[in-house]
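Trainee: Provided below for reference: sequence and predicted model.
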Amino acid sequence: MSKTNRKQDALDYHSQGRPGKIQVIPTKPTQSQRDLTLAYSPGVAEPCLQIADNKEDVYKYTAKGNLVAVISNGTAVLGLGNIGPEAGKPVMEGKGLLFKIFADIDVFDLELDTTNVDDFVKIVKALEPTFGGVNLEDIKAPECFEIERRLKEEMNIPVMHDDQHGTAIISAAALINACELQKKKLDKVKIVVNGAGAAAISCSRLYVSMGARKENIVMCDRTGVIRTDRSNLDPIKAEFATSRDLNSLEEAMQGADVFIGLSSANCVSAEMLASMAKNPIVFAMANPDPEIAYELAIATRKDIIMATGRSDYPNQVNNVLGFPYIFRGALDVRATAINEEMKIAAVKAIAALAKESVPEAVNMAYNAKNLKFGKDYIIPKPVDLRLMTNVSTAVARAAIESGVARKVIADWDAYTEELNRRLGLDDAIMRKLTLKARSAPKKVVFAEADEYRILKAAQIVKDENIAIPVLLGNREKIEQIIADSALDLEGVEIVDQMLDTERVKRYADALYKKRQRKGVSLNDAVKFMRDRNYFGASMVEFGDADAMISGLTKNYAATIKPALQIIGTEEGVNRVAGMYMMMTKKGPVFFGDTTVNVNPTAEELVDITLMLDESVKKFNIKPRIALLSYSNFGSNEGAVPEKMRKTASILHEQHPEVLVDGEMQGNFAINSEMMKENFPFSALADAPANTLVFPNLESGNIAYKLLQELGGAEAVGPILLGLKKPVHIVQLGSSVREIVNMVTIAVVDAQAKEAAGEARKKGGLFKKPTKKA
Ligand SMILES: NC(=O)C1=CN([C@@H]2O[C@H](COP(=O)(O)OP(=O)(O)OC[C@H]3O[C@@H](n4cnc5c(N)ncnc54)[C@H](OP(=O)(O)O)[C@@H]3O)[C@@H](O)[C@H]2O)C=CC1
Ligand SMILES: CC(=O)C(=O)O
Ligand SMILES: [Mg+2]
């Protein structure tokens, strides 16, 4: 894309539709006259009076606790300089947008038409009743230092000048990691800082507090090197003045280990970079254009670690990685300040996160195969949702421990869940299942281990200790993909069924015994074992693995058939069925059958309902089951309503312990108020259904797919019900996240089946067959 096009795109982005980037949205219902009476006069007087009695109640009855002011006077907007408050507004709105999407914090951006420090301080101070925190932005040095100092002293809510401290926190995290990768010690490195403004001074101060030596720092401004013998030396710049005989940036750069650019575009040359020490670290952070272009820098030095403030190159060192989460943590404990302890906690959390395995969603967002801690990935990416939990939690903890919190967090797991919920990641169930899986990880055989996504999922479940993966397939091919994608699967067992003649024979013998009267010869059985779905299912049957995952590249029937022939259904169960756990905004809802039975009879639907009932209980959820149709309790005639009615009647008669009702329409099933008003006799009148039984495969399948695409619900499944041992089949083309979810469920399923087997054995009801392998 040409530069002119990009310019027009950026202008269009801001001007099209409703101008600007943010709007205010009510958080309470406003449909009825009653709502309006409560929202405004007279109802609103009640919270007013409560707050008048107790000022702290402002946090209870208003948006204050989640509202941050982003305040600027436009005197140092990005690296564009003093362009004024109106011209700075797009940046401040942009920060508002980032606060919201990354940390669910609401922002009013305020652009003040004053360069006078006293006026600025007076205005902001008077805003304290409105806001939970203040983010000062793009105010030039040296005024910014006094403004921030005075506001911190005089205000009782957290105040942070982000260009100072946000930048310092992120760049310090990046610097620690870059030093480690370049094998340099922070207390030894020679640092050149170009720029002596808000960002540069604060970054240098933080590096010193983290171990860098002041005497190893040379700072430059527009005039050149800041020397102790400079006349009229600004007292803040004097803090980093050097007594060394250096006159220019060019001279300062010679032999330096680290360059920190917080100045303006293109003021560093290739020659300057070439003169730096071995394995240099260069953070050219001026926005929007860095001190030296990324391409030029990496072409000049092969041994460089290069970072910029931009999102379109590797290593974006930008304060966006910090401010949303620092304020989130501070607001959540109602901190009175953002202090050094909280900043250092943020540095450590960000630096540590870069070393953890990268979620596939992040890889996908950057079109990367497998981002990994290294020269091109020294700090996390801004889209990494784990920043929210890791950084906010670290900041909140530090606030409590350092005594600036007015609210204490007692249950940190619940807090983490709350943070995830804010991001719409309300998959508490999946997290609980993950914990359960981790408590006793099981051996899971991956039948399609020559697929990158399967291998990436195997690495994740191994890293997270959810399962012990076994990779089934051509060894050479698997090892090649692992090497090409830099996956870490060291020590993981690979089974190549083509070369494992002993097991092929053993498994084929068993299959032959089972199927010899169904047209399968021993020769056929041996041939079948070359198919990984037959071999994998046999591994599970023989106890060589506890569960199998397959189906990514084959259709459902091709995977399910071997499992049925080799493993078979559970005792007393005549069929298998598929269930989806749909993660909706209203919590998890289970859908069945979505995968196997095309047009089940009422009797077959009874079996399916009982299987769903059993399975939902395994998730520690009390099933509330609705039998769906286009009719409510006889309101319409037709084959389908009749079938569902018959299913309900058999279940009510033969299984009164199951909480089920029908037939009913989908909206009544999940809206208990509607149900109560119209059908108060229904078993689902008190609370909505959480398990939906569909009359046939097409309705179930269509419903879950539409909900996934239009409703934004995550689908976990299909969870195969009814098999004696856990075989789970991921959908054709599933994502890594979906595969990991299925492995987690397979492990929990294996644990449950093992426990049920033990219980039966103890009760003498069922003698477990002795394992042969
Ligand atoms: N990546 C990130 O996250 C962030 C990047 N920044 C970037 O850092 C830069 C500075 O921002 P901020 O500190 O807020 O602004 P300030 O106005 O407070 O400071 C700017 C400083 O840069 C110096 N400077 C400007 N041009 C040059 C040059 N060619 N050579 C040497 N020094 C120069 C100025 O020198 P003098 O004192 O002589 O005028 C001044 O000291 C901007 O480009 C901004 O985009 C800032 C915050 C975050
Ligand atoms: C990123 C930022 O805050 C700046 O460049 O000013
Ligand atoms: Mg800024």
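Mentor: Perfect, thanks for sending it. Residues are numbered from 1 along each chain as shown. Ligands and ions are numbered 1, 2, ... in the order given.

Trainee: tell me what the helix or strand containing Ile478 is packed against?
Mentor: Take DSSP states H and E as the rule and Ile478 turns out to sit in helix 475-484. Here helix 475-484 touches helix 452-463, strand 493-495, going by 3 or more C-beta pairs under 8 Å, 6 or more residues apart in numbering; DSSP states H and E. From N, CA and C alone the C-beta is placed, and that goes for glycine too.

Trainee: most tightly surrounded among those?
Mentor: Neighbour counts (mean count of other C-beta atoms under 10 Å) averaged over each of those peak at helix 452-463, with a mean of 22.

Trainee: residues contacting that one, please?
Mentor: For helix 452-463, contacts defined as C-beta atoms under 8 Å, 6 or more residues apart in numbering pick out 357, 360, 369-370, 444, 446, 448-449, 466-469, 471, 478, 481-482, 485, 487-489, 492, 549, 552, 734-736, 739-740, 743-744.

Trainee: buried subset of those residues?
Mentor: Neighbour-count burial (16 or more other C-beta atoms under 10 Å) is assigned, among the contacts of helix 452-463, to 357, 360, 370, 444, 446, 448-449, 466-469, 471, 478, 481-482, 487, 489, 492, 549, 552, 734-736, 739-740, 743-744.

Trainee: what distance do you get for the closest residue to Val225 other than its chain neighbours to Gly195?
Mentor: Excluding the flanking residues, the one nearest Val225 by C-beta to C-beta, 6 or more residues apart in numbering is Leu246, at 4.6 Å. Distance, Leu246 to Gly195, by C-beta to C-beta, to the nearest Å: 16 Å.

Trainee: between those two, which one's more packed in?
Mentor: Under the criterion of other C-beta atoms under 10 Å, the comparison of Leu246 against Gly195 puts Gly195 first, with 25 against 19.

Trainee: that one contacts Asp221, doesn't it?
Mentor: Yes - contact criterion C-beta atoms under 8 Å: Gly195 and Asp221 qualify, at 6.9 Å.

Trainee: hey, what's in contact with both of the two?
Mentor: Any residue near both Gly195 and Asp221 by C-beta under 8 Å, 6+ apart counts here, and that gives Ser263.

Trainee: give me the contacts around stretch 80-97.
Mentor: So stretch 80-97 is in contact with 14, 20-22, 70-78, 107-113, 135, 137-138, 140, 162, 264, 323, going by C-beta under 8 Å, 6+ apart.

Trainee: ok, of these, which come out buried?
Mentor: Counted by 16+ other C-beta under 10 Å, the contacts of stretch 80-97 give 21-22, 70-78, 107-112, 135, 137-138, 140, 162, 264, 323 as buried.

Trainee: show the average pLDDT along the host helix or strand of Arg149.
Mentor: According to DSSP H and E, Arg149 maps onto helix 143-154. Mean per-residue pLDDT for helix 143-154: 97.

Trainee: quick check: domain ranges of this structure?
Mentor: 62-157, 165-320, 322-425, 426-568+723-773, 577-722 (automatic domain parsing).

Trainee: format those as TSV; extra columns: distance to Thr30.
Mentor: Below are those laid out as TSV (distance: least, C-beta to C-beta, whole Å):
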stretch	distance to Thr30
domain 62-157	15
domain 165-320	33
domain 322-425	22
domain 426-568+723-773	24
domain 577-722	19
